[in-house]
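Trainee: I need the structure of the sequence given here:
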Amino acid sequence: MSPSRWRWHARLRRTLRKSAVEVRANLVLEDGLEGFVHLDWLLLRPEGLYLIDILEGEGALLAGDNLREWTLLGKRRFVFPNPVQGMASKLAAVRRSGAGQPAKTLLVLSNGLDLPRVRPSIAVDLATLEKRLPPLPGDAAVTPDLARGWARLIEASAKAGQVPP
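Mentor: Residues are numbered from 1 along each chain as shown. From the prediction side, this is the model:
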């Protein structure tokens, strides 16, 4: 990993940890359709849950909320399914496992990605993420309902991680 990429990841981790009451990374949840979804990051904040996914790359990103596929034009052309649509499935799994707690999604784009046209609604760069999720004071707390939903979510993730292949 290059030094600049390592610094970006360190800044991301620091931002997420300072902006949440509790943070979990690399969770797996059942999707409700006999499958599973992977969550890069899940944050517990006083106003609700935040599902954070990361999109890394270098080059021009041709993206949009309603496009079926996104294209990354870098050293090579890379076409992949629209992650916004996949985030909807992840959000549904989070809401189902967390007993309907309020939840939002954000897709953090690495600093090597350039959006020459439209920025998808949930896509943010690291500086925008820091503004949207400011650091919390040390005594920040969540409601009992939100804490119970978080506990159910973590328990559901632990159970999903134990499912045999």
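
Trainee: please make it C-alpha for all contacts and neighbour counts, starting now.
Mentor: Fine.

Trainee: so what's Pro134 up against?
Mentor: For Pro134, the contacting residues are Lys18, Ser19, by Cα atoms under 8 Å, 6 or more residues apart in numbering.

Trainee: so is it in a helix, a strand, or just coil?
Mentor: The assignment at Pro134 comes out as coil when based on DSSP: H, G, I helix; E, B strand; the rest coil.

Trainee: excluding chain neighbours, what is closest to Phe78?
Mentor: Leu72 (5.1 Å; Cα to Cα, 6 or more residues apart in numbering).

Trainee: which secondary structure element is home to the one you found?
Mentor: Leu72 belongs to strand 69-73 when assigned by DSSP states H and E.

Trainee: show me the longest helix that occurs in the protein.
Mentor: In the chain, taking DSSP state H as the definition, the longest helix is helix 144-161.

Trainee: the spatially most central residue of the chain pairs with what?
Mentor: By Cα atoms, centre = their mean, the chain has its centre lying nearest to Ile52, at 1.4 Å. Beta bridges link Ile52 to Trp41, Leu106, judged by DSSP bridges.

Trainee: and it, how far from Arg77?
Mentor: Per Cα to Cα, to the nearest Å, Ile52 is found 25 Å from Arg77.

Trainee: likewise for Arg117?
Mentor: Remark: distance between Arg117 and Arg77 (Cα to Cα) = 17 Å.

Trainee: thinking again about what came up before, how far away is the residue nearest to the centre of the chain from Gly74?
Mentor: Applying Cα to Cα to Ile52 and Gly74 gives a distance of 24 Å.

Trainee: likewise for Ser19?
Mentor: Taken as Cα to Cα, the span from Ser19 to Gly74 is 32 Å.

Trainee: quick one: average confidence on the longest helix of the chain?
Mentor: In this model, helix 144-161 carries a mean pLDDT of 89.

Trainee: and that helix, what does it pack onto?
Mentor: strand 22-30, helix 83-97 (3 or more Cα pairs under 8 Å, 6 or more residues apart in numbering; DSSP states H and E).

Trainee: could I get the ones you listed in JSON lines, plus columns for distance to Pro3, mean pLDDT and mean neighbour count?
Mentor: Below are those laid out as JSON lines (distance: least, Cα to Cα, whole Å; pLDDT from 0 to 100; neighbours: other Cα atoms under 10 Å):
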{"stretch": "strand 22-30", "distance to Pro3": "22", "mean pLDDT": "93", "mean neighbour count": "17"}
{"stretch": "helix 83-97", "distance to Pro3": "27", "mean pLDDT": "89", "mean neighbour count": "20"}
